[in-house]
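Enquirer: here you go, sequence then predicted model.
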Amino acid sequence: VQLVESGGGLVQHGGSLRLSCAASGFTFSSYRMSWYRQAAGKERGMVATINSNGSNTNYASSVKGRFTISRDNAKNTVYLQMNSLRPEDTAVYYCNSAAPRFWISWGQGTQVTVSS
C-alpha cells in the first residue's frame with residue numbers, strides 16, 4: 001500500500017505546477033481522494049477532493065478557481081493542477097483518502113515553493 005507524490009518544485013508567484021500522486025496496493029478507483037498540504041509550523045489541511053469516478057470535486061476556499069483536481073483510475077493516479085500560485089501556497093503537498101478513517105500510510109509528499 002503506497003502513495004507517491006511528485007511534481008513539486010520552485011516556481012515564481014503566478015506560475016503553475018502539476019502534481020501527481022501514484023497509488024498502489026489498494027482499490028484506488030473505489031476511494032474518494034484528496035490533496036492535502038502542510039506549511040511549515042502549521043497543521044495539515046485539505047486542499048481539494050474528488051469522488052471515486054471523478055464527477056464531483058470540492059476545494060478549499062483559498063484555492064478555489066486556481067487549483068483543479070483530477071484523476072485517472074486506469075493509471076491509479078490523482079493530479080492537482082495549480083495555477084496562479086501565491087507565496088502562501090508554499091507547503092508540502094500530500095495525497096490520501098478523503099476520509100480519515102480510510103487514510104493510507106502517508107507518502108513523503110512533494111515540496112512546493114512559491115517565490116514572491
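Expert: Great, that's in hand. Numbering: from 1, shown residues only.
Enquirer: from now on I want contacts and neighbour counts done on CA atoms only, so please keep to that.
Expert: Noted.
Enquirer: centroid-nearest residue for the chain?
Expert: The central residue of the chain, meaning the one whose C-alpha is nearest the mean C-alpha position (Cα atoms, centre = their mean), is W35 at 2.8 Å.
Enquirer: ok, and the closest non-adjacent residue to that one?
Expert: Here the nearest residue to W35 in space, its sequence neighbours aside, is C95; by Cα to Cα, 6 or more residues apart in numbering that works out to 4.4 Å.
Enquirer: so how far is S105 from that neighbour?
Expert: The gap separating C95 from S105 is 10 Å, by Cα to Cα, to the nearest Å.
Enquirer: same check, this time on A23
Expert: Here A23 is placed at a distance of 11 Å from S105 (Cα to Cα).
Enquirer: now the common contact residues for those two.
Expert: By the contact definition Cα atoms under 8 Å, 6 or more residues apart in numbering, A23 and S105 are jointly contacted by 1-3.
Enquirer: need those in CSV with pLDDT, secondary structure and distance to E43, can you?
Expert: Written out in CSV, the entries for those read as follows (pLDDT from 0 to 100; DSSP: H, G, I helix; E, B strand; the rest coil; distance: Cα to Cα, whole Å):
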residue, pLDDT, secondary structure, distance to E43
V1, 93, coil, 24
Q2, 96, strand, 22
L3, 97, strand, 20
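Enquirer: and the residues you listed, which of them are buried?
Expert: Among the shared contacts of A23 and S105, those scoring as buried are L3 (criterion: 16 or more other Cα atoms under 10 Å).
Enquirer: now the shared contacts of A23 and S105 in JSON lines, with distance to S16?
Expert: What follows is those, written out as JSON lines (distance: Cα to Cα, whole Å):
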{"residue": "V1", "distance to S16": "30"}
{"residue": "Q2", "distance to S16": "26"}
{"residue": "L3", "distance to S16": "23"}
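Enquirer: show me which residues of the helix or strand hosting A48 are buried.
Expert: For A48, the host element (DSSP states H and E) is strand 45-50. With burial defined by 16+ other Cα under 10 Å, the residues of strand 45-50 counted as buried are 46-50.
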